[in-house]
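Asker: what's the 3D shape of this:
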Amino acid sequence: MYKKPSILIVEDELIVATDTKARLENLGYKVKGIAVSSDKALTLIQKKRPNLVLMDIKLKGMTTGIETAIKIKEKFNIPIIYITALTDRETLMMVKETDPFGFITKPFDDIELMGVIETSLHKFQMEQKLRESEENLREAQRIAHLGSWSFDLGTKKFSVSEEMIHIYNYEKKYKGYVHMEEFMENIHPDDRERVLSAFYGAIEGKKPYNLNFRIIRTDGEERILHAQGDVVKDDFGKPIKIIGTGQDITERKKAEVEIKQLQADWENIFEAIGHCALILDPDYTILAANMAAVKATGLSKKDLIGKKCYKIFYKTNKSPEECPMKKMLHSGKMETHEMEVEALGGKLFISCTPILNAKKKLEKVIHIAINITRK
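Answerer: Predicted structure coming up:
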């Protein structure tokens, strides 16, 4: 059920204020009070928290209704409707500067009054939803280090989101737009030609604007950006602007380099093991083999990978009962066993160590065989 909003009347003519109050209540609205001055209005808003304010432009005293409305906007998030008998150009221009939600001239009838109130409240609610949506977008962009931008092909100016301002450290220099020349100054010198080529290539329809490049922030810090955009055309097919996004991927790129280094380190360690070492999947399939395994079996890595380990080492179609791999699959922990392995030339000490994924499930097995025949 629709609940009628509460309203504060700011009117210094008590006869008019009382009449307005009666008319509002007949229409089903709740009147939170009548204020005859600016100070009284601010006090009642603080105390009563109305949903809307009906403001007479011409108040007695030092402060006008327009000045009062400005004070209300600074302190409270409440829509204001002006009521006045003044319709001169100067008054209307002053009213326009305060961006009211509604305006009604005296005299007015009840239907007109209700129409202005309801449309003003609807506009206010829509603006609130838009403001919330924009705030959610800003927060999402901040979390993802993802900003948005728009480039006008006519003015050669960029308009950018709050997060793009942060990415480029434009907080002190951004005045609502950035010229193309200023933007290019923040591109790494070695990447400028490539960025321009991609940018104008997209405008000419050669290929989408989508690339990574380095930027030099205004504080001198170097970052890596991933940018992509789409060309917007007018009704005649002429490109008029490009809209797109820019994401700071510096940390991701650093992580990728670190992962590659860790992978390289692991591969070096794996190859440096002086004994036959394999990486198996839970189904005994060889995923990787080191050079010691190649030397011990006489087979190339290509011949080893993809084969079942028991077929290579035991020449059987299943794993031996005493195989530590079988025990490890059951226990979930490292298992070892001494076994005779004819294919490797004697008695071996074999260990099988589980490698778990992020969900603590078995993903791979490190299988190491040490020849202990002479010991």
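Asker: what does the helix or strand where Ile167 lies rub up against?
Answerer: Ile167 belongs to helix 162-168 when assigned by DSSP states H and E. Helix 162-168 is contacted from outside by 138, 141-142, 145-149, 160, 170-171, 174, 186, 215, 217-218, 223, 225, 246, 248, using CB atoms under 8 Å, 6 or more residues apart in numbering. Placement of C-beta: from N, CA and C, glycine included.
Asker: and that helix, average pLDDT?
Answerer: For helix 162-168, mean pLDDT is 90.
Asker: those helices in the protein, which residues are they?
Answerer: Ranges of helices in the chain, per DSSP state H, are 14-26, 38-48, 65-75, 89-97, 110-144, 162-168, 180-185, 192-203, 250-272, 291-297, 301-304, 309-313, 324-331.
Asker: Now do Met1, the pLDDT please.
Answerer: For Met1, pLDDT reads 47.
Asker: Out of the contacts of helix 162-168, list just those in strands.
Answerer: Leu146, Gly147, Ser148, Trp149, Val160, Ile215, Arg223, Leu225, Gly246, Asp248 (DSSP state E).
Asker: just to revisit the earlier point, I'd like to know which of the helices of the chain is closest to Asp56.
Answerer: Taking CB to CB, helix 65-75 is the member of the helices of the chain nearest to Asp56, at 5.2 Å.
Asker: which sections of this protein are below the confidence cut-off?
Answerer: Filtered on pLDDT under 70, the chain yields the residue ranges 1-2, 61-62, 86-88, 374-375.
Asker: Recalculate using a threshold of 80.
Answerer: Where the chain drops to pLDDT under 80, the residues are 1-4, 58-63, 84-100, 130, 133-144, 172-173, 342-345, 374-375.
Asker: Show me it divided up by domain.
Answerer: Following automatic domain parsing, one finds the domains of the chain at 6-138, 145-253, 273-371.
Asker: Tabulate those domains (TSV), appending mean neighbour count and distance to Gln261.
Answerer: Output for the domains of the chain, formatted as TSV (neighbours: other CB atoms under 10 Å; distance: least, CB to CB, whole Å):
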stretch	mean neighbour count	distance to Gln261
domain 6-138	16	35
domain 145-253	15	13
domain 273-371	16	18
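Asker: Which of the ones in strands among the contacts of helix 162-168 lies at the shortest distance from Ile57?
Answerer: Scanning these for proximity to Ile57, where the rule is CB to CB, the winner is Val160, at 38.8 Å.
Asker: out of everything not next to it in sequence, what's closest to that closest one?
Answerer: Of all residues not flanking Val160 in the chain, Trp149 sits nearest, at 4.5 Å (CB to CB, 6 or more residues apart in numbering).
Asker: Can you tell me, leaving aside adjacent residues, what's nearest to Thr336?
Answerer: Ser351 (4.5 Å).
Asker: circling back to that earlier point, okay, the helices of the chain in TSV with distance to Ile355 next?
Answerer: Listed next are the helices of the chain as TSV, based on distance: least, CB to CB, whole Å:
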stretch	distance to Ile355
helix 14-26	74
helix 38-48	64
helix 65-75	61
helix 89-97	69
helix 110-144	31
helix 162-168	38
helix 180-185	47
helix 192-203	40
helix 250-272	11
helix 291-297	17
helix 301-304	19
helix 309-313	15
helix 324-331	11
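Asker: looking at those helices, which is closest to Leu344?
Answerer: Taking CB to CB, helix 291-297 is the member of those nearest to Leu344, at 5.2 Å.
Asker: Does anything pack onto the closest one? Which helices or strands?
Answerer: Applying 3 or more CB pairs under 8 Å, 6 or more residues apart in numbering; DSSP states H and E, we find helix 291-297 packed against strand 276-280, helix 301-304.
Asker: How far away from the center of its chain is it?
Answerer: Centroid separation for helix 291-297 versus its chain: 50 Å, with CA atoms, centre = their mean, to the nearest Å.
Asker: And the contacts of that helix?
Answerer: Under CB under 8 Å, 6+ apart, the answer for helix 291-297 is 271, 273-278, 300-301, 304, 312-313, 343-345, 369, 371.
Asker: if we can go back for a sec, Asp265 is nearest to which of the domains of the chain?
Answerer: Minimum separation from Asp265 across these (CB to CB) falls at domain 273-371, 13.4 Å.
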